[in-house]
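Trainee: model the structure of this input:
(one chain, ligands or ions: 1)
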Amino acid sequence: MEKKYSIAIDGPAGAGKSTIAKALAKELGYYYVDTGAIYRTVAYFLDLLGISPKDVDGVERYIDELTVGIEYDEDGRQHMIMNGMDVTEEIRTQDISQKASLVSAHKVVRDMLLDMQRDVARHNNVIMDGRDIGTVVLPKATVKIFLTASAEVRAKRRTDELLSKGQKVSYEQTLKDIKQRDYQDSNRPIAPLKQAKDAVLLDTSELDIDGVIAQMKRIVAEKIGL
Ligand code: DC
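Mentor: From the prediction side, this is the model:
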């Protein structure tokens, strides 16, 4: 099998991972895999069943009834399929963000999703974003980038994004949520959010999207060549 390239992008919520990864994937002709969307799908499924994301027994009991699928449309957009149903839009709320953060701390959930993520990278050139891609999912990724920004900048970006989709959110609430998720994602015992030793750190607080893309291209070019 011909060699596959993988670009791992990790970082906290709202650092701009998905916007940047999507743009870069398009340019390189790679698959873009948003792993946060997979955890969101699990959270949404349990939420529909009325299971609290903190309920260890409930999560363990019902997780086997979930089949998660990833599909790509002709524009290369990732769709999340929950037991045959497209839930791509439904999972993008502040409530599901919080629940996904809690659900993702369970070992049974992370174990179930690990092979699925590795499988995509085994068969395709990928840009994968998440929290543990460079550390756990693809420890041998060709390029690893840790994307971050101040909590305030991330909250502003996330608020603007949700408002543009017509969701009612305030900056203050979003900032609080982001700080809480940072804490949860960084302090869980299994696969916490952490910069891999061999990842390049990129702080996007002072950069606009084009600036970040330019920096990312430079980093990728050094490793793979564009
Ligand atoms: O990237 P996101 O905001 O859509 O992710 C939602 C939650 O899913 C995040 O708060 C933590 C969890 N997550 C994870 O634990 N590991 C990943 N690789 C991606 C997301």
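Trainee: what residues does this structure put near the ligand?
Mentor: 13, 35-37, 39-40, 97, 100-101, 104, 130-133, 181, 185 (C-beta under 6 Å from any ligand atom). C-beta: built from backbone N, CA, C; applies to glycine.
Trainee: what do you get if the cut-off is 5 Å, keeping everything else the same?
Mentor: By the rule C-beta under 5 Å from any ligand atom, the part of the chain lying against the ligand is 13, 35, 36, 39, 100, 101, 104, 130, 131, 181, 185.
Trainee: which pair in those spans the largest distance?
Mentor: 35 and 181 (14.8 Å; C-beta to C-beta).
Trainee: of the residues of the chain next to the ligand, which belong to strands?
Mentor: Among the residues of the chain next to the ligand, the ones falling in strands (DSSP state E) are residue 130.
Trainee: can you say which of the residues of the chain next to the ligand are buried?
Mentor: The neighbour count (16 or more other C-beta atoms under 10 Å) marks 13, 35, 36, 39, 100, 101, 104, 130, 131, 181, 185 as buried among the residues of the chain next to the ligand.
Trainee: quick one, phi/psi of the nearest residue to the last one once chain neighbours are set aside?
Mentor: Spatial nearest neighbour of residue 185, chain neighbours left out: residue 193 (4.2 Å); criterion: C-beta to C-beta, 6 or more residues apart in numbering. For residue 193, the backbone dihedrals (degrees, to the nearest 10) come out as phi -70, psi 120.
Trainee: residue 30 contacts residue 8, correct?
Mentor: No: checked against C-beta atoms under 8 Å, the pair residue 30 and residue 8 is beyond contact range at 12.0 Å.
Trainee: ok, the two, which is more surrounded?
Mentor: residue 8 (30 against 20; other C-beta atoms under 10 Å).
Trainee: close enough to count as contact, the more buried one and residue 198?
Mentor: No: counting by C-beta under 8 Å, residue 198 is not a contact partner of residue 8; they are 10.0 Å apart.
Trainee: joint contacts of the two?
Mentor: Residues touching both residue 8 and residue 198 (C-beta atoms under 8 Å, 6 or more residues apart in numbering): 134, 144.
Trainee: what's the distance between the residue nearest to residue 185 and residue 31?
Mentor: 23 Å (C-beta to C-beta, to the nearest Å).
Trainee: more crowded one of the two?
Mentor: residue 193 (24 against 19).
Trainee: now do the same contact list for that one.
Mentor: 10, 11, 12, 131, 132, 182, 185, 186.
Trainee: name the SS class of the closest residue to residue 22 other than its chain neighbours, please.
Mentor: Spatial nearest neighbour of residue 22, chain neighbours left out: residue 32 (5.3 Å); criterion: C-beta to C-beta, 6+ apart. Put simply, residue 32 is strand when judged by DSSP: H, G, I helix; E, B strand; the rest coil.
Trainee: contacts only, for residue 32.
Mentor: 21, 22, 25, 26, 76, 78, 126, 127, 128, 129.
Trainee: restricted to strands, list those.
Mentor: 78, 126, 127, 128, 129.
Trainee: which parts of this structure are helices?
Mentor: 17-28, 35-48, 56-62, 94-103, 107-123, 151-164, 171-187, 209-223 (DSSP state H).
Trainee: of these, give the one that comes closest to residue 143.
Mentor: Closest approach to residue 143 among those (C-beta to C-beta): helix 209-223, 4.6 Å.
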